[in-house]
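Enquirer: model the structure of this input:
(one chain, ligands or ions: 1)
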Amino acid sequence: MSLTVRPLDAALGAQIIGLDVRDISQTSAVALHEAFLKHHLLLIRDQTIADADLVKLGECFGAIGKSRMVSPLSGRDDIMVISNIREDGKPVGQLPDGEMAFHIDQIYRETPAKGAALHAVEIPDAGGDTMFSNNVAAYESLSPALQKRLEGLLATHSFQYGETQRENRAEAQERPHYTHPLVRRIPENDKRSLSVCRLMTDQIEGLSEDDSRALIAQLCDVLENPANVYSHQWRVGDTLIWDNRCTSHARTDFPTTQRRLMKRVTIKDTVAPLG
Ligand SMILES: [Fe+2]
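Expert: Have a look, this model is predicted:
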């Protein structure tokens, strides 16, 4: 059975229909990758996915990276468990609580992730939505004058999760950080994508502190404009796969009294961002 790609009625994304993730043919894997490049975000619904099958699904898009922490809820080093479930008062997963500002995964590394697949196992009654911006459409929406201004600019990003308060630049330099083109080119289709985020972008090189902050804020406002964002309300059995080069994402708050358990594989990239 061949799969169907149905675009979401949103700024980005498509639902994949007719795919059994336990048995992905080579033809389906190619179709999935094409849809990933075109729509930046794929949604698969109503499938309970075992860890081994989540890894195989991720491998349709590239090699799978290792997680920083092996959780007892998986036991595998290629599965990142994102959860607020606690044992003896300690979270057994990563990124346990609360909202997260828009960010691009691993943007502080030389070669950030190409993408990720995230599968919902347990979700709270309300909240914990994941929002995605379309960074390609956002770039294309800029005026030609602003696109010209961004040409050749570099931005430095540093590791930061769970806080949006900017520190001074010297403190940011203490954390893992990397400098990338502010507008990156996607090798497969030559599209341009804004590579900036509220959470981890510290500085645009060559600009004054004030000009840099103003430009980062201006671009983040474009990215985070509701018209440029798809907000996903999770159901158990949902899986989202995103192109981390063409999107940024954020999480809304959710009650600490309710369990949330997500499993993720991170898809590695093979090249550092190109300008
Ligand atoms: Fe993330």
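Enquirer: okay, strands next: where are they in the stretch 151-275 of the chain?
Expert: 154-158, 177-181, 183-185, 192-194, 201-204, 229-232, 239-243, 247-251, 261-267 (DSSP state E, counting those that start in this stretch).
Enquirer: how far does the second one sit from its chain's centre?
Expert: Think strand 177-181. Put simply, strand 177-181 sits 17 Å off its chain's centre (CA atoms, centre = their mean, to the nearest Å).
Enquirer: can you give the strand pairings for it, parallel or anti for each?
Expert: Applying DSSP bridges, strand 177-181 is found paired with strand 154-158 (antiparallel).
Enquirer: in this protein, which spans are helices?
Expert: Here the chain has its helices, by DSSP state H, at 26-39, 51-58, 135-141, 144-150, 169-174, 209-224.
Enquirer: just so I know, which of the strands of the stretch 151-275 of the chain lies nearest Ser28?
Expert: When the strands of the stretch 151-275 of the chain are compared by CB to CB, strand 239-243 sits nearest Ser28, at 13.1 Å. C-betas here are computed from N, CA, C, even on glycine.
Enquirer: got the contact list for that closest one?
Expert: Strand 239-243 is contacted from outside by 21, 32, 36-37, 40-45, 47, 49, 54, 57-58, 61, 114-120, 130, 132, 232, 249, using CB atoms under 8 Å, 6 or more residues apart in numbering.
Enquirer: among these, which are located in strands?
Expert: Applying DSSP state E to those, the entries found in strands are 41-44, 115-120, 130, 132, 232, 249.
Enquirer: Ala155 versus Thr270, what's the distance?
Expert: According to CB to CB, to the nearest Å, Thr270 stands 22 Å off from Ala155.
Enquirer: typo on my end, Thr252
Expert: Thr252 is 26 Å from Ala155, by CB to CB.
Enquirer: more neighbours, these two?
Expert: Using other CB atoms under 10 Å as the criterion, Thr252 and Ala155 rank with Ala155 on top: 27 against 15.
Enquirer: ok, the more buried one - contacts?
Expert: 179-182, 195-196, 201-205, 216 are the contacts of Ala155 under CB under 8 Å, 6+ apart.
Enquirer: let's go with 6 Å and repeat that
Expert: Contact analysis of Ala155 by CB atoms under 6 Å, 6 or more residues apart in numbering lists 182, 196, 201, 204.
Enquirer: for Ile123, give me its contacts.
Expert: Contacts for Ile123 (CB under 6 Å, 6+ apart) come out as 234, 260.
Enquirer: ok, Ala10 next?
Expert: Tyr230.
Enquirer: domain ranges for this structure?
Expert: Domain segmentation of the chain under automatic domain parsing yields 4-133+226-267, 135-224.
Enquirer: quick one, which of those domains gets closest to Leu274.
Expert: Proximity to Leu274 (CB to CB) singles out domain 135-224 among these, at 4.8 Å.
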